[in-house]
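# Fold the following and give me the result.
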Amino acid sequence: LGKGDFEYASYALNNLMQAYFHAGRELPTLLDEMVEAHNDLERLKVGSSLFWHDIWWQTALNFTTPGDSPHLLIGRGYDESESMPQHLKENDASTLFLLYCAKLILSVFFNNMDGLEDVCKEGRDLFIQAIQNISDAKQSSQLADDSLQKAIVFSEDLAIRQSESLFKSRVSSHGFGRGC
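Next up, the predicted model:
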């Protein structure tokens with residue numbers, strides 16, 4: 001078997017777990033499967049698949065035991081305080097996209113929308129500063145990058161708000177499993 005075979009297998013397993021999550025598999029069953037998938041993905045040693053899986057695993061864990069800040073992905077599945085700086089440093093857009101999606105899904109579900117207006121304003125202000133400093137390429141580029149980070153968070157919130165009716169439907173039909 002070649003390296004690509006293991007990579008393909010890891011993507012397939014990760015995609016299967018994500019599909020189960022988004023399709024509404026009952027969380028107790030899904031969480032057991034996610035633990036097994038995590039162990040398998042660790043053995044396959046494909047970092048991106050493991051990060052992607054662990055983001056959704058922690059999201060599922062947050063639905064079952066929300067804690068004080070359910071929108072924060074910090075737990076046994078994934079710890080954003082440790083991993084996010086690495087994703088930002090490596091400009092890992094795919095993983096950051098999934099992370100922000102998961103955080104916004106949790107924020108909307110648990111009705112924790114505080115601070116999103118501030119994120120929008122910060123992103124807009126950083127973009128304006130980038131334009132104002134266009135003659136200084138290094139500074140302008142950094143400001144534009146910072147603006148884009150804020151814009152990603154805000155734009156994903158807008159997309160999530162459109163799906164609120166789906167979440168309400170899932171909750172009323174126990175699509176998240178018993179106890180949610």
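# Low-confidence stretches in the protein?
By pLDDT under 70, the weakly predicted segments of the chain are 1-3, 113-127, 143-144, 147-148, 150-151, 153-170, 173-180.
# switch to 90 and redo it
1-8, 22-24, 44-49, 66-72, 84-85, 87-180 (pLDDT under 90).
# which stretches of it form helices?
3-23, 27-44, 47-64, 80-89, 93-109, 116-132, 137-162, 164-172 (DSSP state H).
# now for the ones you listed, which one comes closest to Leu72?
helix 80-89 (6.5 Å; Cβ to Cβ). Using the backbone N, CA and C atoms, a C-beta is placed for each residue, glycine as well.
# Tell me which residues of the closest one come out buried.
Applying a neighbour-count criterion of 16 or more other Cβ atoms under 10 Å, one finds Glu80, Ser83, Met84, His87 buried in helix 80-89.
# Identify the residue nearest the geometric centre of this protein.
In the chain, the centroid-proximal residue (Cα atoms, centre = their mean) is Leu99; its distance is 1.9 Å.
# I'd say it and Ile55 touch.
Yes - in this structure, Leu99 is within contact of Ile55 by Cβ atoms under 8 Å, at 5.4 Å.
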